[in-house]
Every structure is written in C-alpha cells, then in structure tokens.
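**Q** let me see the structure of the following:
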Amino acid sequence: MALLKKFSPYLLLTYSLLYISACSTLVTNPTSGIPDDFYIMPKQQHYYSHENDTIQINAWAEKQKVFLFNLRDTLFITSIDTTTPFKNAINYVYPFYEPHPKHLLLINNSYDMDVFTTPFKFRFATDGIPLQITTSFNAAVYAGIRSDFFTIKNHPLKTPVHLSKINNIGCGVGVFGGISSANIKPEFVRNTITYEYDAVSLNYGLAFLFGYKKISTGVAIGYDYLADKNRNNWIYQNKPWLGVFIGLNIN
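**A** Below you'll find the model as predicted:
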C-alpha cells in the first residue's frame with residue numbers, strides 16, 4: 001500500500017498522457033495521421049503518375065525533399081522547389097503524384113516541444129553517500145529538434161478495397177527545464193540541520209527522446225538547483241543525474 005501511494009502521482013500522470021494520446025489519434029481518415037508538410041523522400045520509393053490518361057508506377061531516382069498533402073482522403077506528393085514557403089506550397093502542387101504505398105517511407109524534420117516527468121533519477125555517489133535512486137515528483141518542459149519516420153503499408157481487403165496502416169516513430173534531442181521536489185536529510189546538507197523536509201528544486205539538462213505518435217520517452221541527463229537557504233550545503237547541488245522520462249508531445 002505504501003509503495004502504491006508513493007507512485008500514485010506517476011500512475012495518474014501516465015494514465016492521463018495515454019488517455020490524451022488515444023483521444024488525439026482517433027481519426028476517421030487514416031491519411032490524416034500524416035500532416036501536410038515538407039518531407040524527405042528516400043530514393044526507390046514508388047508512386048503513381050497520372051499522364052495522358054494512363055496510370056504508371058514509377059520510383060524516385062534519388063533522395064529529395066517533397067511536399068505531401070491530403071485531398072479527399074487521398075495522399076498526394078509533389079517534388080516542389082524547396083525554397084517555396086509552406087503557406088504557398090499547396091498552390092504549386094502540379095504536377096503531383098499519388099504515392100504507391102505498398103511500403104512507403106517519409107521523413108519529417110521539425111522543432112519539438114513536450115512536457116514530461118522523470119519517475120526515476122539515479123544520483124551518483126558523492127560526499128560518502130552511495131548511488132541513490134529518487135522518485136520525487138517532478139515536471140519539465142522539453143524543446144528540441146525531432147525526426148519523424150512515417151511508414152505506410154497497404155493491406156488488401158477485397159479488390160479494389162484496401163486498408164492503409166500508418167506508423168509513426170520519432171527521435172530527437174533537446175534541452176529541458178522544470179521543477180521538482182527534493183528530499184532533504186541532515187546527511188544531504190553536511191549535517192547542518194537536524195530535521196528532514198521536502199524542498200523545491202529547479203532542474204535542467206539535456207534529453208534524448210524517442211516518440212510514438214504523441215507519447216514520448218527517453219533518457220535525460222540533468223542537474224538540480226535547490227531553491228532554499230540550504231543550497232550551498234546540499235551535496236547534489238548542480239551535480240549530474242541520469243533519469244528515464246515519459247512525456248507527451250504538445251506541438
């Protein structure tokens with residue numbers, strides 16, 4: 001019971017993140033899982049071309065940047081000039097092609113923003129105190145760069161009907177900043193106090209992120225800054241820690 005009470009904030013937060021993510025991915029049109037944007041198209045990806053009232057299957061000869069958009073539940077793609085502003089790209093989509101997604105790969109690079117919590121922090125041995133694992137509550141905002149990999153596969157159901165399955169995974173790196181609680185004991189502040197309490201600390205650092213749709217997880221290398229009068233004696237003040245986080249993409 002004590003263990004459940006200790007981790008209940010994280011269980012509640014994890015459930016909330018999963019619920020929000022599930023709601024955000026309930027779409028009636030599978031193609032809407034890929035936003036209109038510029039993508040990197042690896043070579044040898046196949047597409048349909050509509051020329052002279054005939055449909056041909058071709059392949060990109062080399063990797064290039066393309067613009068992809070949704071039109072009447074269908075994905076279309078064009079090898080538009082990469083200097084064209086995004087807001088004008090939809091006006092320059094001729095000639096355009098329909099991807100032949102027996103297995104199609106698209107790569108999108110973007111700026112990323114997440115909110116996350118780190119359930120487990122590993123604090124390295126210092127000042128005679130061995131390695132510590134802390135589970136105090138914390139929350140942070142992450143900002144960085146991210147690469148998303150979209151794969152589209154067609155599963156035939158009944159000619160000419162097929163089901164399009166879209167998978168999206170991403171990875172990225174960035175910085176974060178947030179707030180957390182820190183358990184302060186006499187031995188953690190070089191015995192300058194005789195009592196124990198929970199203090200407020202600021203945390204910041206670098207994070208390596210892996211994402212699936214809206215949910216993200218990864219490894220963080222961070223530092224804590226105690227916000228009260230005992231900060232100069234706190235043995236973990238601005239000392240590095242290693243953590244595993246779970247978060248939610250918000251952009």
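
**Q** now do the SS call for F188.
**A** Per DSSP: H, G, I helix; E, B strand; the rest coil, the secondary structure class of F188 is helix.

**Q** identify the residue nearest it in space, chain neighbours excluded?
**A** In this structure, F188 finds its nearest non-sequential neighbour in I235, 5.6 Å apart by C-beta to C-beta, 6 or more residues apart in numbering. In this view, the C-beta of every residue, glycine as well, is placed from N, C-alpha and C.

**Q** could you pull out the helices for the protein?
**A** Listed from the start of the chain, the chain has helices (DSSP state H) covering 2-24, 86-89.

**Q** least reliable of those going by mean pLDDT?
**A** Comparing mean pLDDT over the helices of the chain, the weakest stretch is helix 2-24, at a mean of 46.

**Q** and for the closest residue to I184 other than its chain neighbours, the neighbour number?
**A** Spatially, and ignoring its direct neighbours in sequence, I184 is nearest to A199 (5.0 Å; C-beta to C-beta, 6+ apart). Other residues within reach of A199, judged by other C-beta atoms under 10 Å, total 20.

**Q** which stretches of the protein have low pLDDT?
**A** Along the chain, the parts satisfying pLDDT under 70 run over 1-36, 41, 43-62, 64, 69-76, 79-103, 154-164.

**Q** repeat the analysis, applying 50 as the threshold.
**A** For the chain, residues meeting the criterion pLDDT under 50 lie at 1-5, 7, 11-12, 15-30, 55, 92-95, 159-161.

**Q** which parts of it are strands?
**A** 37-41, 46-51, 54-59, 64-71, 74-78, 98-99, 104-123, 132-134, 138-158, 161-184, 197-212, 215-226, 240-249 (DSSP state E).

**Q** dump the ones you listed to TSV, plus distance to R190.
**A** Converted to TSV, these look like this (distance: least, C-beta to C-beta, whole Å):
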stretch	distance to R190
strand 37-41	53
strand 46-51	66
strand 54-59	67
strand 64-71	57
strand 74-78	62
strand 98-99	63
strand 104-123	16
strand 132-134	16
strand 138-158	24
strand 161-184	11
strand 197-212	15
strand 215-226	13
strand 240-249	19
